[in-house]
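> Sequence and predicted structure below; questions after.
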Amino acid sequence: MNWPIKTERCLLRPMTAKDRETVFAYRGDKETNQYQGWVPERLEDVDSWLGKRPAEINTPGTWFQLVILDNGHLEVIGDIGLHFPKDENDICWLGCTLRKADHGKGLASECLESVMLFLHDALQKEGVVAYIKEKNFPSRRLFERLGFKNVAVEEGDLYKYFRTLPI
């Protein structure tokens with residue numbers, strides 16, 4: 001793959017162990033990440049989490065993490081998780097985390113749009129899925145603005161959103 005993916009204001013590249021402290025700083029914020037499936041308690045939790053990530057993108061049954069860097073300072077401000085389901089080679093699941101200081105600036109939309117284009121053009125994916133907790137209204141609005149439709153409610157409080165590609 002040719003990294004980074006470039007947007008107007010950001011760069012996206014695979015997450016590495018060098019990103020561990022910055023990732024811990026924004027992912028460890030329990031209030032901001034109250035709806036996330038994973039919030040690290042210690043720096044070692046990030047190490048363990050990173051150790052489970054594959055070296056190659058598009059590995060069935062795995063999550064692959066891209067960090068989001070702002071173009072100006074090249075500092076990590078968030079990440080996008082890509083899950084490649086074992087039994088569905090034509091779709092990918094998406095998740096996005098941004099540090100609190102960068103909420104509300106349109107960066108998540110900008111980065112997710114670029115990632116969706118990449119998934120379609122480079123990996124030939126036909127659709128994307130996002131699972132969002134019921135009370136996470138900002139994320140639900142974000143994905144709806146990106147053209148995702150709520151197609152199911154699963155496990156009581158998880159909304160399943162879907163969108164076909166290309167965008």
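Now that the structure is in, tell me what you want to look at.
> Quick check, central residue of the chain?
The chain has Ile80 as the residue nearest its centroid, 2.3 Å off, counting by Cα atoms, centre = their mean.
> From Ala152, how far off is that residue?
22 Å (Cβ to Cβ, to the nearest Å). Placement of C-beta: from N, CA and C, glycine included.
> And Asn136, by the same measure?
Applying Cβ to Cβ to Asn136 and Ala152 gives a distance of 16 Å.
> So these two - more neighbours on which side?
Asn136 (17 against 11; other Cβ atoms under 10 Å).
> Once you drop chain neighbours, what's closest to that one?
Tyr35 (3.9 Å; Cβ to Cβ, 6 or more residues apart in numbering).
> before we move on, which element is the residue nearest to the centre of the chain in?
Taking DSSP states H and E as the definition, Ile80 sits inside strand 76-84.
> Following the longest helix belonging to the chain in sequence, what is the next regular element?
If you go by DSSP state H, the chain has its longest helix at helix 107-123. Note on helix 107-123: by DSSP H and E, the next helix or strand toward the C-terminus is strand 127-133.
> Name the residues of that following strand that come out as buried.
Buried positions in strand 127-133, judged by neighbour count with 16 or more other Cβ atoms under 10 Å: 128-133.
> orientation of that strand relative to helix 107-123 in degrees?
Comparing the axes of strand 127-133 and helix 107-123 via axes from the mean of the first three to the mean of the last three Cα atoms, to 10 degrees yields an angle of 150 degrees.
> Give the other helices and strands that strand 127-133 contacts.
strand 91-98, helix 137-145, strand 158-164 (3 or more Cβ pairs under 8 Å, 6 or more residues apart in numbering; DSSP states H and E).
> got those as TSV, with mean neighbour count, distance to Glu44 and mean pLDDT columns?
Conversion of those to TSV gives the following (neighbours: other Cβ atoms under 10 Å; distance: least, Cβ to Cβ, whole Å; pLDDT from 0 to 100):
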stretch	mean neighbour count	distance to Glu44	mean pLDDT
strand 91-98	20	19	96
helix 137-145	16	28	96
strand 158-164	17	28	96
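> Out of these, the one nearest Leu119 is which?
When the helices and strands packed on strand 127-133 are compared by Cβ to Cβ, strand 91-98 sits nearest Leu119, at 5.3 Å.
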